[in-house]
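Novice: Could you look at this predicted model? Sequence included:
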Amino acid sequence: LYVGELTEQKGVSYLLRALARLDSRYRLRVVGDGPRRGDLESIVANLGVEDRVTFIGRVPYGEVASEYAAADVFAHPGVWPEPFSRTVVEAMQAGLPVVSTAVGGHVDVIDVDELVCPPRDPAAMAAAINSAMANADEYGARNREYVLSEMSPRVITERIVDLYERELAGSQR
């Protein structure tokens, strides 16, 4: 599964090329839209994987959870240093293993080295996807637990309050 805009910096073309390297049991659902959709559809045709890629288009945010629930692996093939990808955390929360390129802030929350690959490297991404599938239950469960224990609204709110309290206590000295 890929969820996001279809722009050059999102790297979806490399994900499509990775899919072409994987055996035919692998399928890709692309949720989102953008100016590169036509180019990406052409890449799919040129690679001969039309029967393995489905472009869903943009869906209402409330329906994205069902896409995560239906997936086995989430891929974030970005090629620019995105500060932090919400979709990575959403996929982790849904209990999915996450394959990502090694750029951007979200890499800090992916704790399995073989699921992180260089940007613009379809062969490495294909290998990471295979690793994710081989250990999907373990990685997915670990991701879900991490998000619940470290990124839940309660935990984040407590950390923010604690930070403010420390700052206020320090400024009153």
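Specialist: Nice, thanks for sending it over.
Novice: For Ser85, what are phi and psi?
Specialist: Backbone torsions for Ser85, taken as degrees, to the nearest 10, come to phi -100, psi 120.
Novice: What about it, how many residues nearby?
Specialist: 21 (other Cβ atoms under 10 Å). In short, each C-beta sits where N, CA and C put it, glycine included.
Novice: Repeat that for Ala126.
Specialist: 22.
Novice: Grab the nearest non-local neighbour of Thr7.
Specialist: Spatial nearest neighbour of Thr7, chain neighbours left out: Gly34 (5.0 Å); criterion: Cβ to Cβ, 6 or more residues apart in numbering.
Novice: what secondary structure does the one you found sit in?
Specialist: When classified by DSSP: H, G, I helix; E, B strand; the rest coil, Gly34 comes out as coil.
Novice: same thing with Ala69?
Specialist: What three-state DSSP gives for Ala69 is helix.
Novice: Can you verify my assumption that it contacts Ala94?
Specialist: Yes. With contact defined as Cβ atoms under 8 Å, Ala69 reaches Ala94; the gap is 6.2 Å.
Novice: Those two: which has the busier surroundings?
Specialist: Using other Cβ under 10 Å as the criterion, Ala69 and Ala94 rank with Ala94 on top: 22 against 11.
Novice: Was I right to think that one contacts Val64?
Specialist: No. With contact defined as Cβ under 8 Å, Ala94 does not count as touching Val64 (9.5 Å).
Novice: that older thread, within its local environment, how many residues does the residue nearest to Thr7 see?
Specialist: Neighbours of Gly34 using other Cβ under 10 Å come to 14.
Novice: Next: the one 5 residues further on.
Specialist: A count of nearby residues for Asp39, using other Cβ under 10 Å, gives 13.
Novice: Just confirm it is within a strand.
Specialist: No. Counting by three-state DSSP, one finds Asp39 to be helix, located in no strand.
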